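[1] Turn this into a model:
(one chain, ligands or ions: 2)
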Amino acid sequence: MLMPADAPKQPTRHPWRVEGAPPSTDPEGPKKPRPAWMRFGWMLVVLLAINWIISSFLLSPPERTPVSYTFFLTQVQSANVKEITSTGDTIEGEFTKKASYTPSGETKAEEVDRFTTQRPSFADDDLFAKLQATNVPVNANSPDKSAPVWQQILVGFGPTLLLVGLLVWFSRRAAAGLGGGGGLGGFGRSRAKLYQPESGPRTTFADVAGIEEVEQEVTEIVDFLREPEKYRKLGAQIPHGVLLSGPPGTGKTLLARAVAGEAQVPFFSISASEFIEMIVGVGASRVRDLFDQAKKVAPSIIFIDELDAIGRARGGSQSLGGNDEREQTLNQILTEMDGFTGSEGVVVLAATNRAEILDSALLRPGRFDRRVTVSPPDLSGRRAILAVHTRGVPVAEGVDLDALASSTPGMVGADLKNLVNEAALLAARRGHDQVLTPDFTDALEKIMLGTVRGIMLNPDEKERTAFHESGHALLGMLTPGADPVRKISIIPRGQALGVTFQSPSTDRYGYSAKYLRGRIIGALGGRAAEEVVYGDMTTGAESDLDQVSNIARQMVGRWGMSDAIGPVTVLPPPGQESPLGLDGVAPATKELIDAEVRKIVESCYAEALSLLRSHRAQLDGLAQRLLAAETLDESDAYAAAGIDRASAPGAVARGEIPGVSVAPGLPLPGLSDAASGR
Ligand SMILES: Nc1ncnc2c1ncn2[C@@H]1O[C@H](COP(=O)(O)OP(=O)(O)OP(=O)(O)O)[C@@H](O)[C@H]1O
Ligand SMILES: [Zn+2]
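    Ligands and ions are numbered 1, 2, ... in the order given. This is a model prediction of the structure:
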């Protein structure tokens, strides 16, 4: 494919970071947000402080000195009373000037301004008249209205109550879901979602397609949960745990649901990451809680999704804080599963995308002793999955689901579901009342090639792009064993100015060295065409070159396809290299790998150039057709290149190529890139 001219990537820089200045001192990058428990602790401190302030300032009334009633009367007499408030027999008030008062039995006098005193019931002075005479404002509280006790309780304990309330609320929230009754212990309650057999529309095996072998493996479990006696009679033990592993979107979660639906037993579903909380010990107690609940309602199924989130091998080098919690949680799961005697009727299903990184303890007998690999569906599997997902969709008469299935190699269940949905959306947008073939093909094109970008190429760019893509396509047609060319387009999409889409007619489970060389030659075709036609090259081939180096490196370093390295694996799989380059590859070996990679790529490039030079007329013809039509589909493309589709080497040589074959099912990162237009 051809990339836009601005393709060389500028490293993105933070505008506030001065060039050349040392990077931020924190090797972990930006500060992580405070963990929940820390925020919670802070809140506690603040609330306690508020509590203290309120109770010490609002509640405790301003200090008043008790004085004798006679002393008070003398002050009234000498007109030194500013104001009084009476509540029953209690009189509180303030003197205008401080008065010197000596309590009985003491020798030292105190200076008093705020006072309180009790008026004896037998006092028959005319206090009120005296006060009026000296213009003292008199307030009164009704003695029963003052209710100081409950007021004090409210003011004094209000904040405390608030605090307790908040605590309860928090823990309930943390224990939302099944453990909702939480109270203060709610943090440790499991958050698993419970699906009762009666509730809602059931997922059944009819909703799962294309993975029959896997279905069979799990049917046994359903059977056991339904008729445990049948198995126990024969002394057979049902596995405690079943681990579903496979690439994302292959239907692992769906399958687990179906098991629950078919078995008609309670089904607890939780994602492993939900066990982990910042508070140490919570994960383990959630696990305990979950297993307890499951045992109570047995027979039942516990489904743990994304098991790798806690099931990673223990004792790794990354002993960062969170690890302890993860290990404790994992240990608790192991303990619970060990505790099964087999009569509980609880089966643990788990799913993971990365079975290879799981702790080996999980895979020991008595735990996840049955492992089921869920692979991407083959042709008939894809056909069946399409059938499942078009059940509720009005598909027009002539739509050929078989053809659709065969043009979607490598797609998994989730992709196919998405495809059907995109097609239905397109049909709706176009005002159709049924989903037509063009809706499906356009949806597929959008998914595989990317969304069309509304930019206009200038005529020169457009012509160059046409030659570039024609180079890819023509070499794809000429190279024996290459995947047939399905579509060529010079309508800019996503990141690419143009795209050539090739896909195999049947599913591939391994790759021969010859096929891989063909891929490299095809990927170099764009750049080679530019060199043949214009005598120079552009930046547009960057992603082509990425892909080329990727394939060549794996051929040399992982698949033993070079003489100098020989049949040994010296490189880790892509994506699993250690970031510091400490892969245990000796520097000399690295040099050797580089040299071999270069040798492969250079010889492929030479072959690409010579093929294009000797088929120059076909290249020109294809490019001119493409320039005029902008998009060519399979038959048009082969016709424009003057190649008979049926006898094209790419179409007939498949399966007959001698060569080293690669272990089946090995993912080839980067290989799908040419197809996706990225
Ligand atoms: N074999 C299948 N048959 C029918 N539908 C499928 C199949 N596989 C996937 N799907 C559809 O794709 C959706 C997503 O699949 P699901 O979540 O089960 O994949 P997964 O393997 O669990 O992926 P992940 O590893 O990402 O969790 C499902 O809800 C279902 O609609
Ligand atoms: Zn290209």
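[2] export stretch 453-473 as CSV, just CAs?
    This file holds the C-alpha atoms of stretch 453-473, laid out as CSV (Å, rounded to 0.1, in the frame of the first residue of the first chain):
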residue,chain,number,x,y,z
ARG,A,453,-11.2,9.2,3.7
GLY,A,454,-12.5,12.2,1.9
ILE,A,455,-9.2,13.6,0.6
MET,A,456,-8.4,14.4,-3.0
LEU,A,457,-5.2,13.3,-4.5
ASN,A,458,-3.6,15.5,-7.1
PRO,A,459,-3.2,13.8,-10.5
ASP,A,460,0.5,13.0,-10.0
GLU,A,461,0.0,11.4,-6.7
LYS,A,462,-2.9,9.5,-8.0
GLU,A,463,-0.9,8.1,-10.9
ARG,A,464,1.9,7.2,-8.6
THR,A,465,-0.5,5.5,-6.2
ALA,A,466,-2.0,3.5,-9.1
PHE,A,467,1.4,2.2,-10.1
HIS,A,468,2.4,1.4,-6.6
GLU,A,469,-0.8,-0.6,-6.0
SER,A,470,-0.5,-2.2,-9.4
GLY,A,471,3.0,-3.3,-8.5
HIS,A,472,1.7,-5.1,-5.3
ALA,A,473,-1.2,-6.6,-7.2
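[3] So for it, what gets flagged as buried?
    Burial within stretch 453-473, assessed by neighbour count using 16 or more other CB atoms under 10 Å, is assigned to 457, 461-473. Heads up, the C-betas are built off the backbone N, CA and C, glycines and all.
[4] Return the residues of the stretch 401-550 of the chain in contact with ligand 2.
    Residues of the stretch 401-550 of the chain lying near ligand 2 by CB under 5 Å from the ion: 526, 544.
[5] shaky segments in the stretch 401-550 of the chain?
    The model of the stretch 401-550 of the chain has pLDDT under 70 over residues 504-509.
[6] How about the residues of it by ligand 1?
    Proximity of the stretch 401-550 of the chain to ligand 1 is confined to 413-414, 417 under the rule CB under 6 Å from any ligand atom.
[7] 8 Å instead?
    Applying CB under 8 Å from any ligand atom, we find that the stretch 401-550 of the chain lies next to ligand 1 at 412-414, 416-417.
[8] possible to save those residues as JSON lines with secondary structure and neighbour count?
    Written out in JSON lines, the entries for those read as follows (DSSP: H, G, I helix; E, B strand; the rest coil; neighbours: other CB atoms under 10 Å):
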{"residue": "412", "secondary structure": "coil", "neighbour count": "24"}
{"residue": "413", "secondary structure": "helix", "neighbour count": "27"}
{"residue": "414", "secondary structure": "helix", "neighbour count": "16"}
{"residue": "416", "secondary structure": "helix", "neighbour count": "26"}
{"residue": "417", "secondary structure": "helix", "neighbour count": "18"}
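[9] what's the closest of these to residue 403?
    Sorting those by distance to residue 403 puts residue 416 at the head of the list, at 13.8 Å, by CB to CB.
[10] Tell me how far the closest one lies from residue 96.
    As for residue 416, its distance to residue 96 is 92 Å (criterion: CB to CB, to the nearest Å).
[11] and if you look at residue 367?
    Taking CB to CB as the criterion, residue 367 is separated from residue 96 by 86 Å.
[12] More neighbours: which of the two?
    Set side by side, residue 367 and residue 96 show more neighbours around residue 367, with 22 against 15, by other CB atoms under 10 Å.
[13] What sits closest to the more buried one if chain neighbours are left out?
    Distances taken as CB to CB, 6 or more residues apart in numbering place residue 337 nearest to residue 367, at 4.8 Å, with adjacent residues excluded.
[14] would you list the buried residues of stretch 453-473 in a markdown table and tack on distance to residue 384 and secondary structure?
    Output for these, formatted as a markdown table (distance: CB to CB, whole Å; DSSP: H, G, I helix; E, B strand; the rest coil):
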| residue | distance to residue 384 | secondary structure |
| --- | --- | --- |
| 457 | 42 | coil |
| 461 | 44 | helix |
| 462 | 42 | helix |
| 463 | 45 | helix |
| 464 | 44 | helix |
| 465 | 39 | helix |
| 466 | 40 | helix |
| 467 | 42 | helix |
| 468 | 39 | helix |
| 469 | 35 | helix |
| 470 | 37 | helix |
| 471 | 38 | helix |
| 472 | 33 | helix |
| 473 | 32 | helix |
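[15] Now distance to residue 258 too, for those residues, in TSV please.
    Rendered in TSV, the data for the buried residues of stretch 453-473 read as follows (distance: CB to CB, whole Å):
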residue	distance to residue 258
457	49
461	52
462	51
463	54
464	52
465	47
466	49
467	51
468	47
469	44
470	48
471	48
472	42
473	43
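[16] and residue 49, what element?
    The secondary structure element spanning residue 49 is helix 36-53 (assigned by DSSP states H and E).
[17] Give me the contacts around the lengthiest strand in the chain.
    Within the chain, and with DSSP state E defining each element, the longest strand by residue count is strand 90-101. By CB atoms under 8 Å, 6 or more residues apart in numbering, the list of residues contacting strand 90-101 from outside reads 64-65, 67, 71-72, 75, 79-86, 109-119.
[18] Mind checking the pLDDT average for that strand?
    In this model, strand 90-101 has a mean pLDDT of 87.
[19] The chain should start at 11 in everything you say after this.
    Done: numbering now begins at 11, and the last item shifts to strand 100-111.
[20] So which bits of the next helix or strand after it are buried?
    Helices and strands here follow DSSP H and E; after strand 100-111, the next one along the chain is strand 120-128. Along strand 120-128, these residues count as buried under the neighbour rule (16+ other CB under 10 Å): 122, 125-127.
[21] Output the residues you listed as JSON lines; include the columns distance to ligand 2 and pLDDT.
    Rendered in JSON lines, the data for these read as follows (distance: CB to the ion, whole Å; pLDDT from 0 to 100):
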{"residue": "122", "distance to ligand 2": "97", "pLDDT": "87"}
{"residue": "125", "distance to ligand 2": "97", "pLDDT": "87"}
{"residue": "126", "distance to ligand 2": "95", "pLDDT": "89"}
{"residue": "127", "distance to ligand 2": "100", "pLDDT": "88"}
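[22] Show me which of those residues is closest to residue 522.
    Of all the buried residues of strand 120-128, residue 522 sits closest to residue 126, with 103.0 Å by CB to CB.
[23] sorry, back to before: what distance separates the longest strand of the chain from the centre of its chain?
    Relative to the chain's own centre, strand 100-111 is displaced by 72 Å; criterion: CA atoms, centre = their mean, to the nearest Å.
[24] partners of it, with directions?
    strand 91-97 (antiparallel), strand 120-128 (antiparallel) (DSSP bridges).
[25] Can you say which of those strands is nearest to residue 52?
    When these are ranked by proximity to residue 52 (CB to CB), strand 120-128 comes first, at 38.6 Å.
[26] List the contacts of whichever helix or strand comes after that closest one.
    Using DSSP H and E, the next helix or strand after strand 120-128 towards the C-terminus is helix 137-143. Contacts made with helix 137-143 from outside it, assessed by CB under 8 Å, 6+ apart, are listed as 83, 86-87, 91, 94, 129, 148.
[27] What residues sit buried inside helix 137-143?
    Buried residues in helix 137-143, counting neighbours by 16+ other CB under 10 Å, are found at 137, 141.
[28] contacts for the following helix or strand past that helix?
    Towards the C-terminus, the helix or strand next in line after helix 137-143, according to DSSP H and E, is strand 148-151. Residues outside strand 148-151 that contact it (CB under 8 Å, 6+ apart) are 93-97, 138, 141-142.
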